[in-house]
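A.B. asks: Sequence first, predicted model second:
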Amino acid sequence: MREAGKLIILLSNDDPIQLICLSAESAAENYLDEKIWNFVVSLPR
């Protein structure tokens, strides 16, 4: 991730369902932002 500058997010089967159920576009964006943030902060420095 660090060398190529790209990020692949692994989603469970429930994640697309959650995204569909979120009514506002910004809510779906916030959901994905939170998933990305949780991944990034879990990386070793």
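C.D. replies: Sure, I can see it. Numbering: from 1, shown residues only.

A.B. asks: Below-threshold pLDDT in the protein: ranges please.
C.D. replies: Filtered on pLDDT under 70, the chain yields the residue ranges 1-2.

A.B. asks: Which elements pack onto the longest helix seen in it?
C.D. replies: Looking across the chain with DSSP state H, the single longest helix is helix 25-42. Here helix 25-42 is seen to pack against helix 14-21 when contacts are counted using 3 or more CB pairs under 8 Å, 6 or more residues apart in numbering; DSSP states H and E. Where C-beta positions appear, they are placed from N, C-alpha and C, glycine not excepted.

A.B. asks: Just give me the neighbour total for residue 30.
C.D. replies: Other residues lying near residue 30 total 12 when counted by other CB atoms under 10 Å.

A.B. asks: Check the gap between it and residue 3 for me.
C.D. replies: 28 Å (CB to CB, to the nearest Å).

A.B. asks: Assign residue 5 to helix, strand or coil.
C.D. replies: For residue 5, the assignment made with DSSP: H, G, I helix; E, B strand; the rest coil gives coil.

A.B. asks: residues contacting residue 18?
C.D. replies: residue 31 (CB atoms under 8 Å, 6 or more residues apart in numbering).

A.B. asks: Residue 7 is in contact with residue 33, isn't it?
C.D. replies: No. Under the criterion of CB atoms under 8 Å, residue 7 lies out of contact with residue 33, with a separation of 12.0 Å.

A.B. asks: returning to that earlier point: touching the longest helix of the chain from outside, list them.
C.D. replies: When contacts are defined by CB under 8 Å, 6+ apart, helix 25-42 is touched by residues 7, 9, 11, 15, 18-19, 22.
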